[in-house]
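>>> With the input below, show me the fold.
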Amino acid sequence: MGTEKPDNIEDLENQRKISSVSYNVYDTITSMTSDTSNTYFVYDSISSTATGMTMLGAEGRNLNDSYLDLHHDIDEKLPSPCIQDVEKLGSMDKTCSNMTAAWLRGRKQGACGKIKKSGRKKLPILEWLPKYSLDNAVSDMIAGVTVGLTVIPQGIAYAVVAGLPPQYGLYSAFMGCFAYCVFGSAKDITIGPTAIMALMTNTYAQYGPQYAVLLSFLSGIIILLCGLLRLGFLIDFISVPVIAGFTSAAALTIASGQWKSLLGLTIDTAHKSHTHAGVIDYYIDIVHNIGSIRWQDAVLGLCCSVVLLSLRAINRTNWFKPIKGDSAPGSIQKFTNKLPAKGLFILDKIIWFICTARNAIIVIICLLLAWCLDPELHSCKTDPEDCVFSLTGSIQSGLPALQSPPFFISANSTNNGMSPDQDVSFGEMVGKLGSAIIIIPIIAILESVAIAKAFAGGKPVDASQEMVALGICNIFGSFVQSMPTTGSFSRTAVNSASGVKTSLGGIYTGGLVILCLAFLMPYCAFIPKATLAAVILTAVIFSVEHHVVKPMWQSKKIDLLPGFVCFLVGLFFELEMGIFSGIGVHLVIVLYHTARPGVVVEVKQVPGAHQHYVSIRPDQGIVFPSVSYMRNLISKAAIKEGNSKMPVVIDCSHISQTDFTAAEGFDAMISDFKKRHQPVYWLATNPGVIHTLRAITGDNLKLITGPIELTNNRRHESPKRSPKIGTVTEMVTIVEDAPEDSVVLRKNTPKEIPKAFATFY
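Below is the predicted model of the structure:
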């Protein structure tokens with residue numbers, strides 16, 4: 001911008017009128033200059049307004065390639081007459097030929113850059129893998145192993161929640177880790193079984209494990225399609241109150257189902273409650289079978305719960321942290337800080353590891369305890385209810401077979417005790433899954449995207465890419481007999497706290513799960529059911545989002561309604577109906593506000609004049625549900641406040657859209673105003689709104705740019721009674737920050753706006 005203007009530019013301007021030349025092709029090229037400017041530009045007026053500019057230096061040869069990110073090849077788009085004009089202009093000064101050559105070079109560079117950028121976006125591993133270091137590998141290994149110790153007991157427990165054999169929880173815990181490493185964009189997220197996914201799968205797993213695996217495949221297909229079609233915006237229709245209500249209902253439902261195992265109850269299936277009242281059935285069964293409590297399981301389960309909750313609380317204290325200058329340390333922190341700095345650091349890390357891996361540690365301790373207390377190991381495997389503790393029992397060991405998802409079930413085929421009498425077709429299986437094919441993908445997307453945003457550290461999250469990654473994880477998982485999976489908040493928090501650097505940490509997590517499947521499954525048979533129940537119970541109770549009630553009450557009380565509807569319906573009926581009910585109620589609230597927009601009606605006075613007018617200012621766009629309401633409101637205001645004579649000015653500064661129905665209604669309203677000879681004007685109207693209204697109203701649509709224009713018309717009567725004068729309209733001179741020689745910005749704009757003239761540009 002500091003270069004001198006070349007000598008031949010004046011000749012070029014005189015001969016070709018460079019400042020106004022415009023080639024009417026798809027990519028319009030416009031050069032412009034002025035007497036006060038030392039530069040001129042090539043401007044892509046179709047693609048963008050600023051990114052398509054190139055500055056030429058003193059000799060017209062030094063090019064800035066910042067404009068080269070265009071979208072169409074010049075050889076394909078420029079017609080031959082236009083090319084001849086460009087060549088003719090180039091023969092005069094060689095400027096345009098230099099520009100064209102540089103532009104074509106930039107097009108090639110831009111195309112390669114876009115391909116690389118797109119590849120890195122679709123395969124995020126290409127972004128961080130070339131920069132991977134040894135330090136990253138060590139951090140990822142530590143985090144991956146820590147998460148692995150967490151997911152193994154959780155996976156077994158969540159398989160029980162889903163009504164599946166325990167090994168299916170581990171089948172679901174490793175493939176997602178591998179796939180997300182390649183396609184995932186968030187380094188902290190771990191994909192695997194979760195409590196909510198397990199609970200949602202439970203209803204359909206009763207037909208057999210094949211249905212859970214098929215559900216994983218179909219959910220992955222839908223999630224992947226939503227990501228490829230960039231339909232992430234659909235998730236925005238599920239509001240925070242609805243999500244909070246659903247999550248809380250699911251957490252309490254899961255927790256209620258664990259009391260049976262925690263207390264060692266034996267439920268008589270012949271007298272099982274079938275009221276279909278959600279969690280109430282669980283507590284009816286507990287009351288009816290209270291006499292079957294096993295004291296050994298109850299003591300073990302309650303002790304495990306206390307220990308797990310205590311370790312979780314300790315992990316959130318600063319007892320083993322160094323004392324900072326601005327903090328008030330407690331007595332325990334003062335005592336631990338008497339240790340040397342290095343010793344305190346080691347102690348802090350040990351305590352952190354114990355608290356973080358508390359689930360795995362408790363499961364291992366209880367497994368060893370059950371092993372020691374039961375000398376008849378083989379009988380415990382076959383009859384786990386006859387041991388000191390109620391045990392998980394025999395778990396199928398070995399890796400899952402790599403096979404396609406079950407698209408049909410053959411007659412008399414046995415799979416974990418399920419043997420149908422006749423062939424079950426794909427259509428019949430899908431029919432049994434029903435609404436789960438839609439609900440489970442929605443819940444999976446909600447969980448995964450919400451976790452990605454929570455751990456993004458303020459960085460933007462590509463929701464569509466997260467959906468692609470999650471879909472691929474579920475599709476790949478279905479080939480190793482996985483149930484539906486999504487991001488786990490608890491394991492993601494562990495992963496982040498462990499210092500993970502990249503998503504490669506999932507490789508170590510998945511590898512540890514595979515090792516467990518291959519070698520440790522025979523020992524997992526001795527895991528007490530009460531211990532697994534304690535692990536689940538202490539994890540899900542913190543998912544009850546009671547903390548959002550108070551802020552919602554203080555912010556907007558009506559938002560509590562869809563949240564409580566979702567919560568109550570999900571808790572006492574069905575979770576699927578709960579989320580649908582919550583969404584429906586909130587959409588009704590949104591539609592009501594659309595149909596009844598807020599409107600400010602004031603009687604104002606034109607500054608510097610005795611003219612009064614009725615100002616009507618809607619606070620949002622006017623579309624068909626609100627037409628009748630707005631028409632009646634404007635007519636009543638014009639008659640009551642304006643005595644049927646005072647001009648009416650509809651301030652459209654907040655109206656960004658309208659439609660045909662609204663235009664028809666306004667046309668009828670204008671006719672009513674004409675019959676009583678009361679003028680109506682439209683102020684600060686959006687061009688799109690003008691186009692829609694004028695197509696119906698024609699010349700009856702009177703536009704003004706400021707209230708001062710009312711004085712140019714005939715003088716209207718002042719109100720007979722004292723008007724309710726609102727805030728006096730202030731006249732503001734709008735000064736644009738653009739340079740004075742900018743042809744585009746100053747086009748059709750007066751050089752000086754009169755201070756007494758209210759106008760909008």
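>>> how near is the residue lying closest to residue 180 once chain neighbours are set aside to residue 235?
Distance criterion Cβ to Cβ, 6 or more residues apart in numbering; nearest residue to residue 180, sequence neighbours excluded, is residue 191 at 4.8 Å. In this view, the C-beta of every residue, glycine as well, is placed from N, C-alpha and C. To residue 235, residue 191 is 18 Å away according to Cβ to Cβ, to the nearest Å.
>>> These two: who's more crowded?
When residue 191 and residue 235 are compared on other Cβ atoms under 10 Å, the one with more neighbours turns out to be residue 191, at 34 against 16.
>>> before we move on, back to that, quick check, the residue nearest to residue 180 in contact with residue 178.
No - counting by Cβ atoms under 8 Å, residue 191 stays clear of residue 178, with 9.4 Å between them.
>>> overlap in contacts of the two?
With contacts defined as Cβ atoms under 8 Å, 6 or more residues apart in numbering, the residues adjacent to both residue 191 and residue 178 are residue 506.
>>> for the stretch 1-150 of the chain, which spans come out with low pLDDT?
Scanning the stretch 1-150 of the chain for pLDDT under 70 picks out 1-97, 108-109, 111, 113, 118-119.
>>> tell me the SS of residue 603?
Three-state assignment for residue 603 (DSSP: H, G, I helix; E, B strand; the rest coil): strand.
>>> ok, now how distant is residue 489 from residue 288?
Residue 489 is 35 Å from residue 288, by Cβ to Cβ.
>>> before we move on, back to that, show me the beta-bridge partners of the residue nearest to residue 180.
When assigned by DSSP bridges, residue 191 has beta-bridge partners residue 487.
>>> From residue 242, how far out is it?
Residue 191 sits 24 Å away from residue 242, taking Cβ to Cβ as the criterion.
>>> And for residue 698?
From residue 698 over to residue 242 the distance is 45 Å, taken as Cβ to Cβ.
>>> Comparing the two, which shows the higher neighbour count?
residue 242 (27 against 10).
>>> Mind telling me what element the more buried one is part of?
helix 240-263 (DSSP states H and E).
>>> Could you pull out the buried residues of that helix?
In terms of neighbour count (16 or more other Cβ atoms under 10 Å), helix 240-263 has its buried residues at 241-263.
>>> helices or strands up against the helix or strand just after it?
The C-terminal neighbour of helix 240-263 among helices and strands, as given by DSSP H and E, is helix 280-288. Helix 280-288 makes packing contacts with helix 240-263 when contacts are defined by 3 or more Cβ pairs under 8 Å, 6 or more residues apart in numbering; DSSP states H and E.
>>> just checking, what packs against the helix it packs on?
The contact analysis (3+ Cβ pairs under 8 Å, 6+ apart) places helix 240-263 against helix 134-161, helix 195-205, helix 280-288, helix 295-314, helix 436-454, helix 529-540, helix 560-572, helix 575-595.
>>> Just put those helices in CSV and tack on distance to residue 671 and mean neighbour count.
Shown next, in CSV, are the helices and strands packed on helix 240-263 (distance: least, Cβ to Cβ, whole Å; neighbours: other Cβ atoms under 10 Å):
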stretch, distance to residue 671, mean neighbour count
helix 134-161, 65, 23
helix 195-205, 56, 24
helix 280-288, 60, 15
helix 295-314, 70, 17
helix 436-454, 47, 22
helix 529-540, 63, 26
helix 560-572, 40, 22
helix 575-595, 23, 18
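>>> so which of these comes closest to residue 226?
The minimum distance between residue 226 and the helices and strands packed on helix 240-263 falls on helix 436-454, with 7.1 Å, by Cβ to Cβ.
>>> Following that closest one in sequence, what is the next regular element?
Following helix 436-454 toward the C-terminus (DSSP H and E): helix 463-478.
>>> what's the burial count for the closest residue to residue 294 other than its chain neighbours?
Using Cβ to Cβ, 6+ apart and skipping residues adjacent in sequence, the residue nearest residue 294 is residue 264, 3.1 Å away. By other Cβ under 10 Å, 23 other residues sit near residue 264.
>>> Now do the contacts for residue 264.
292, 293, 294, 295, 296, 297, 298, 301, 389, 390, 529, 530.
>>> Surely the first one is in contact with residue 265?
I take that to be residue 292. Yes - using Cβ under 8 Å, residue 292 is in contact with residue 265, at 5.4 Å.
>>> These two: which is more packed in?
residue 265 (20 against 14).
>>> Distance of the more buried one relative to residue 158?
20 Å.
>>> List the residues that contact the closest residue in space to residue 630 that isn't next to it in sequence.
Nearest residue to residue 630, sequence neighbours excluded (Cβ to Cβ, 6+ apart): residue 622, at 5.6 Å. Listed by Cβ under 8 Å, 6+ apart, the contact partners of residue 622 are 597, 630, 655, 658, 662.
>>> circling back: let's have the helices and strands packed on helix 240-263 in CSV, adding distance to residue 110.
Formatted as CSV, these follow (distance: least, Cβ to Cβ, whole Å):
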stretch, distance to residue 110
helix 134-161, 32
helix 195-205, 43
helix 280-288, 61
helix 295-314, 52
helix 436-454, 30
helix 529-540, 50
helix 560-572, 47
helix 575-595, 42
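>>> Looking at those helices, which is nearest to residue 399?
Short answer: helix 134-161, nearest of those by Cβ to Cβ, at 14.3 Å.
>>> Just the CA atoms of the helix or strand following that closest one, as CSV, please.
Proceeding C-terminally, helix 134-161 gives way to helix 167-171 as the next helix or strand, assigned by DSSP H and E. The C-alpha trace of helix 167-171 is given here as CSV (Å, rounded to 0.1, in the frame of the first residue of the first chain):
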residue,chain,number,x,y,z
GLN,A,167,-18.4,-59.9,27.8
TYR,A,168,-20.5,-57.6,25.5
GLY,A,169,-19.5,-54.6,27.6
LEU,A,170,-15.9,-55.3,26.8
TYR,A,171,-16.7,-56.0,23.1
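>>> looking just at contacts, which helices and strands does helix 167-171 meet?
When contacts are defined as 3+ Cβ pairs under 8 Å, 6+ apart, helix 167-171 sits against helix 134-161.
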